[in-house]
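# Fold the following for me, if possible:
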Amino acid sequence: MSEAPLLEIEGLRASVAGKEILTGLSLTVRAGEVHAIMGPNGSGKSTLANTLMGNPRYAVTGGTARFRGEPLEGLAPDERARRGLFLAFQYPVAVPGVTVVNFLRQAVNAVRGEELPVREFRQNLFARMEQLRVDRDFARRYLNDGFSGGEKKRAEMLQLAMLQPRLAVLDETDSGLDIDALRTVADGVNALMNEEMGLLLITHYQRLLNYIRPRFVHVLMGGRIVRSGGPELAEELEASGYDAMEPAAPTA
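Model (predicted):
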């Protein structure tokens, strides 16, 4: 019998401040798969990411979302993280006074549910920094305080490496990046991707997918997926735009 999908979403509906944004979204992600979610502004991309992580501002009003066979409904964000969900934000928040190394240690301990010995943590951290080609001085800086766009994304890649989630959701991680920073982030994602992890890339543009090749591309419009395909779908979008994508008829 094949292993259950990492993520199964069926007819998911979600609202923000009483306004329905997700209107019946369905999606399945299996281990080892890279899925790209593309769509125009206001289509529901970030709502999907926040709903999956349990942001209390986003109310699920219908449908189901299961992670590794278990319902996500009712689980707090920290519980979802402990089960193996990870979200990289579009706009990471600066935390003055908290160093990257201290933040990472607290995050790792919280996800593990136990204190990791300092020596083991530091060995793992330095190995991951070397893997991602991040200078060790980076760990002594305050988290995202005065960071460039590329440095903020690099910090999130380091979080991803240390937490080793089963499913990573990257919410417009290419937002505001120049081409060099984009390549750095893509190299980090590609280095960390493995057969046990699923990856959900949320993006406006095809350019990120030149460096992180998805197996599946989905077009999100009006709060639901209206088209799915392979990498060629992203190229079609680049050529013709979202206006050419006709939403499928709603299902009952």
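
# which residues touch the residue nearest to residue 70 when sequence neighbours are not counted?
Setting aside the residues directly before and after it, residue 70 is nearest to residue 83 in space (CB to CB, 6 or more residues apart in numbering), at 7.4 Å. C-betas here are computed from N, CA, C, even on glycine. Going by CB atoms under 8 Å, 6 or more residues apart in numbering, residue 83 touches 67, 68, 70, 75, 166.

# Distance-wise, check the first one relative to residue 84.
Distance check for residue 67 against residue 84: by CB to CB, to the nearest Å, it reads 7 Å.

# ditto for the fourth one
Summarising the geometry, the distance separating residue 75 from residue 84, computed by CB to CB, is 12 Å.

# Please verify my assumption that residue 132 contacts residue 190.
No - counting by CB atoms under 8 Å, residue 190 is not a contact partner of residue 132; they are 10.7 Å apart.

# The two: which has the busier surroundings?
residue 132 (20 against 13; other CB atoms under 10 Å).

# For the more buried one, which non-adjacent residue is closest in space?
residue 188 (4.9 Å).

# The one you found and residue 159 touch, don't they?
No - with contact defined as CB under 8 Å, residue 188 does not reach residue 159; the gap is 10.8 Å.

# And these two? Which one has more around it.
residue 188 (24 against 21).

# any idea which helix or strand carries that one?
helix 179-192 (DSSP states H and E).

# same check, this time on residue 10
strand 7-16.

# Name the residues contacting each of residue 188 and residue 159.
With CB under 8 Å, 6+ apart as the test, residue 188 and residue 159 reach no residue in common.

# My assumption is that residue 158 lies in a helix; please confirm.
Yes - counting by DSSP: H, G, I helix; E, B strand; the rest coil, residue 158 falls inside a helix.

# list the contacts for the residue nearest to residue 176 when sequence neighbours are not counted?
Once flanking residues are discounted, residue 176 sits nearest to residue 149: 4.4 Å by CB to CB, 6+ apart. By CB under 8 Å, 6+ apart, the contact set of residue 149 is 175, 176, 177, 178, 181.

# Farthest-apart pair in those residues, please.
Greatest spatial distance in those: 175 and 178, 11.7 Å, computed using CB to CB.
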